[in-house]
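Enquirer: need a 3D model of the following:
(one chain, ligands or ions: 1)
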Amino acid sequence: MPSPSNPEAVFSEDVVRVSSSSKVNQGRLVRSLKMLMPWRKGPFHLFGLDIDAEWRSELKWRRLIEHIAPLHNRKVLDVGCGNGYYLFRILGEGAKYVVGIDPTRLFFYQFRALQQLFPKNNAFYLPLRSEQLPSFNSFDTVFSMGVLYHRRSAIEHLRELISFLRPGGELILETLIVPGDASTVLVPHHRYASMANVWSIPSSAAAETWLTNLGMSNVRTVDTTRTGFHEQRKTQWMQFQSLDDFLDPNDKDLTIEKYPAPTRAILLATKPF
Ligand SMILES: C[S@@+](CC[C@H](N)C(=O)[O-])C[C@H]1O[C@@H](n2cnc3c(N)ncnc32)[C@H](O)[C@@H]1O
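Expert: Have a look, this model is predicted:
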């Protein structure tokens, strides 16, 4: 991996980017980053090279940033941080520091590669599962985006997230949801949108009720968005199947297993004092 001198990074815009006045060996850069494919989260612009990832992660960020407590000077934890795209966006909002955790080794390697290219910063990464963390009771803001439905016990996951927050801290929970009321939770048979590791998908009302029952206050859903082909798609940097392959070819409102097509919600909640 090249390590150009005096890199300058911008974390506060849709595309997380870095540039340098010194010359960068493009061939070496492309080869190193291609070895780390598939790139699922982005976009990144690295010394002239665009990484167009499977997910346009900036769209979710735009949906949530207006609603959450300002991140300036906050201590932030991002559970299930993937390659760290949002860790950099969190720093771009002026957070004091951010810790990402994620057990998937490839995403950790991608983060390490990015950190070799970026100037020294306060984004840190632990290649762990949230179950392995202690009850910090100290973070000002905790993000869990795209993790809830991968956990065998959604309630246990929520309990962990709450235990990481300081009293008065804010939880940002982003998850797949299904239509329905507070009593609706989909438990897929084997797969949901081709994913084998989806254990349950609540309605947003059910997820709100879980958070309220766990003692959180000010619980609300601030955004609900159906995932579109502009947001999740196959690219040069992620050449496996993507959203289009996971939907019913005859009815794009359904997954190939005939469940409601992927729709995601952003919920906020505050840990009481
Ligand atoms: C759908 S991706 C979401 C990535 C990112 N948060 C986003 O919103 O784009 C889910 C991520 O959660 C991670 N993950 C799954 N189980 C986890 C756990 N128990 N603790 C922490 N991360 C987990 C996966 O490795 C994966 O990177």
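
Enquirer: going by C-alpha atoms from here, please, whenever you check contacts or count neighbours.
Expert: OK.

Enquirer: just the pLDDT for the residue in the stretch 151-273 of the chain that the ligand sits nearest to.
Expert: Of all residues in the stretch 151-273 of the chain, the one sitting closest to the ligand is Arg151 (6.4 Å; Cα to the nearest ligand atom). For Arg151, the model assigns a pLDDT of 97.

Enquirer: please apply the same query to Glu160.
Expert: Reading off the model, Glu160 has pLDDT 98.

Enquirer: and for Met1?
Expert: With respect to pLDDT, Met1 has a value of 81.

Enquirer: I figured it hits Ala113, correct?
Expert: Yes: counting by Cα atoms under 8 Å, Ala113 is a contact partner of Met1 at 7.4 Å.

Enquirer: which bits of the stretch 101-250 of the chain sit near the ligand?
Expert: With Cα under 6 Å from any ligand atom as the criterion, the stretch 101-250 of the chain meets the ligand at residues Ile101, Asp102, Pro103, Thr104, Arg129, Ser130, Met145, Gly146, Val147, His150.

Enquirer: now the last one: closest residue in space that isn't a chain neighbour?
Expert: Beyond its immediate neighbours in the sequence, the residue positioned closest to His150 (Cα to Cα, 6 or more residues apart in numbering) is Val198, lying 4.9 Å away.

Enquirer: so what's the one you found up against?
Expert: Val198 makes contacts with Tyr149, His150, Arg151, Pro188, Arg191, Tyr192, as judged by Cα atoms under 8 Å, 6 or more residues apart in numbering.

Enquirer: restrict these to the buried ones and give me that as a PyMOL selection.
Expert: Of the contacts of Val198, the buried ones go into a single PyMOL selection, burial set by 16 or more other Cα atoms under 10 Å:
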select buried, resi 149+150+188+191+192
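
Enquirer: could you measure from Arg112 over to Leu33?
Expert: Arg112 sits 11 Å away from Leu33, going by Cα to Cα, to the nearest Å.

Enquirer: right, I mislabeled it, should have said Gln132
Expert: 29 Å.

Enquirer: residues contacting the residue in the stretch 101-250 of the chain that the ligand sits nearest to?
Expert: Residue nearest to the ligand within the stretch 101-250 of the chain (Cα to the nearest ligand atom): Arg129, separated by 3.4 Å. Counting by Cα under 8 Å, 6+ apart, Arg129 touches Gly80, Ile101, Asp102, Pro103.

Enquirer: then Thr224?
Expert: With Cα under 8 Å, 6+ apart, Thr224 has these contacts: Thr263, Arg264, Ala265, Ile266.

Enquirer: re earlier: and the residues of the stretch 101-250 of the chain next to the ligand, which of them are buried?
Expert: Buried among those (16+ other Cα under 10 Å): Ile101, Asp102, Pro103, Ser130, Met145, Gly146, Val147, His150.

Enquirer: mean confidence for stretch 11-20?
Expert: 97.

Enquirer: is the residue of the stretch 151-273 of the chain closest to the ligand in contact with Trp199, as I believe?
Expert: Yes: proximity of Arg151 to Trp199 meets the contact threshold set by Cα under 8 Å, at 6.4 Å.

Enquirer: ok so, going back, in CSV, list the contacts of Arg129 along with pLDDT and secondary structure.
Expert: Shown next, in CSV, are the contacts of Arg129 (pLDDT from 0 to 100; DSSP: H, G, I helix; E, B strand; the rest coil):
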residue, pLDDT, secondary structure
Gly80, 98, coil
Ile101, 98, strand
Asp102, 98, coil
Pro103, 98, coil
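
Enquirer: can you put the residues you listed in a markdown table and add distance to Ser204?
Expert: Listed next are the contacts of Arg129 as a markdown table, based on distance: Cα to Cα, whole Å:
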| residue | distance to Ser204 |
| --- | --- |
| Gly80 | 20 |
| Ile101 | 25 |
| Asp102 | 24 |
| Pro103 | 26 |
